[in-house]
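Participant: Structure, please.
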Amino acid sequence: MKYSISVGTVQLILNFLEQKGINKQDFCQVLGLEENKLQNPDERIPTAQMQSLWKLAIDRTGKESLPLQLGMEINPYGLGVVSYLLMNCATLRMALEKLCLYQDVSCAGVRTDVEIYQEQCKIFLKVLDEDIVEPSYALGSEMSIYMKLIEALIGEKLPVSEVQFEYKQPNDLSIYKAVFGTDDLYFNAGEYSILFPASYLNKPIPLANPSLFPLFEKHLDKYLAQIQQSDTMSYKVRQEILKLLKGEEPKLIMVARSLGVGERSVQLKLSEEGTSFRELLEDVRKELAIAHLKDNKSSTTDISFLLGFSEPSAFSRSFKKWTGQSPNTYRKSL
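Facilitator: Numbers count the residues shown, from 1 in each chain. Have a look, this model is predicted:
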């Protein structure tokens, strides 16, 4: 599946890099970023090009910390309509919920979720796009933007408990400590996440104007629908699998019927995109299984039936194939 980033987000990054001494026009020419596309606010840029952009910028400046610096130096409301919607939410909790919902408008390819663990709240990010071969670029910039945005919304510093990264620890941690305001930084971890007191979710957003909120939300709903409608067959099939995966295994014929197309057409289109119905089903099941095991609210038996497996042993075999561990062993290792 091909994910993309809004031109507004790309322009935000290009303007930041220009401040770092990079010639914007030469840079775009080298990367094949067409000027006419960058001037069209409705255009979207493949995430693969954004990976190339960050790599070239780091190579030219010699600064590995560039993606993290982005959040510290940009206007947090520079993300267009998404940021306008967030600043008109009543509380931080509401703003984070909307951020997760409308993330694809600004930057698809990464999924953001929020969960509460007793008295702590965790924002965690997951890479969906296989073109994001260097997660430190995409995740570093996104996590730093989240910090700047949250603090701008509530009007105060966010007391971060800990931050986790899946990639290896860099030599210099000073920029990480400056961005997140904590020494509790963990690398080679199993996730990308930011942990902070859950009480902050109730913080009001002082600049919120309730009358403006529905206007921005209506616009974003329409734009998000356009993005999804123009997406690949892989994306559409995944969404249908998620809808149908409620206690029984979804069949190709069920998904094709929901999409209003023939089974053969779905198979051919998926083949063109380098995947299959079985691979997508396995991928969705794996993601949901890991999420349920991390949540720790359901037994492995309940999870197996939720994911449409005929019996717990079948779920256990599949999970071991995906991760190399049994569900119980994986849960204990968290």
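Participant: C-alpha only now, for contacts and for neighbours.
Facilitator: Will do.
Participant: Quick one: mean pLDDT for stretch 208-226?
Facilitator: Averaged across stretch 208-226, pLDDT comes to 88.
Participant: Quick check: chain neighbours aside, which residue is closest to residue 11?
Facilitator: Closest residue to residue 11 apart from its sequence neighbours, by CA to CA, 6 or more residues apart in numbering: residue 38 at 7.3 Å.
Participant: Quick check: pLDDT value at the closest residue in space to residue 64 that isn't next to it in sequence.
Facilitator: Nearest residue to residue 64, sequence neighbours excluded (CA to CA, 6+ apart): residue 58, at 5.7 Å. pLDDT recorded at residue 58 is 91.
Participant: following the helix or strand harbouring residue 58, which helix or strand comes up?
Facilitator: Using DSSP states H and E, residue 58 maps to helix 47-61. Per DSSP H and E, the first helix or strand lying C-terminal to helix 47-61 is helix 66-73.
Participant: Which elements pack onto that following helix?
Facilitator: Packing partners of helix 66-73 (3 or more CA pairs under 8 Å, 6 or more residues apart in numbering; DSSP states H and E): helix 7-19, helix 135-154, helix 174-180.
Participant: The second one to helix 47-61, inter-axis angle?
Facilitator: For helix 135-154 against helix 47-61, the angle between stretch directions is 90 degrees (axes from the mean of the first three to the mean of the last three CA atoms, to 10 degrees).
Participant: what distance separates the helix or strand bottoming out on mean pLDDT in the chain from the centre of its chain?
Facilitator: Here the helix or strand of the chain ranked lowest by mean pLDDT, DSSP states H and E is helix 35-38, holding a mean of 76. The gap between where helix 35-38 is centred and where its chain is centred comes out at 25 Å by CA atoms, centre = their mean, to the nearest Å.
Participant: picking that back up, tell me which of the helices and strands packed on helix 66-73 is the most buried.
Facilitator: helix 135-154 (a mean of 21; mean count of other CA atoms under 10 Å).
Participant: Contacts for that helix, please.
Facilitator: Helix 135-154 has contacts (CA atoms under 8 Å, 6 or more residues apart in numbering) with 51, 54, 67-72, 76-77, 86-87, 92, 125, 127, 132, 157-158, 167, 179-180, 192, 203-207.
Participant: For the stretch 151-300 of the chain, just list every one of the strands.
Facilitator: Applying DSSP state E, counting those that start in this stretch to the stretch 151-300 of the chain gives strands spanning 162-164, 185-186, 192-197.
Participant: quick one: which of those is nearest residue 96?
Facilitator: strand 192-197 (12.6 Å; CA to CA).
Participant: CA atoms of stretch 315-325 as PDB?
Facilitator: Taking C-alpha atoms only, stretch 315-325 is exported to PDB below (Å, rounded to 0.1, in the frame of the first residue of the first chain):
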ATOM      1  CA  PHE A 315      -4.400 -18.900  17.400                       C
ATOM      2  CA  SER A 316      -1.400 -20.000  19.400                       C
ATOM      3  CA  ARG A 317       0.200 -21.700  16.400                       C
ATOM      4  CA  SER A 318      -0.400 -18.600  14.200                       C
ATOM      5  CA  PHE A 319       0.900 -16.200  16.800                       C
ATOM      6  CA  LYS A 320       4.100 -18.300  17.200                       C
ATOM      7  CA  LYS A 321       4.600 -18.200  13.400                       C
ATOM      8  CA  TRP A 322       4.200 -14.400  13.400                       C
ATOM      9  CA  THR A 323       6.400 -13.600  16.400                       C
ATOM     10  CA  GLY A 324       8.400 -16.700  17.400                       C
ATOM     11  CA  GLN A 325       6.600 -16.800  20.800                       C
END
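Participant: Next, the buried residues of it.
Facilitator: Residues of stretch 315-325 classed as buried: 315-316, 318-319, 325 (neighbour count, 16 or more other CA atoms under 10 Å).
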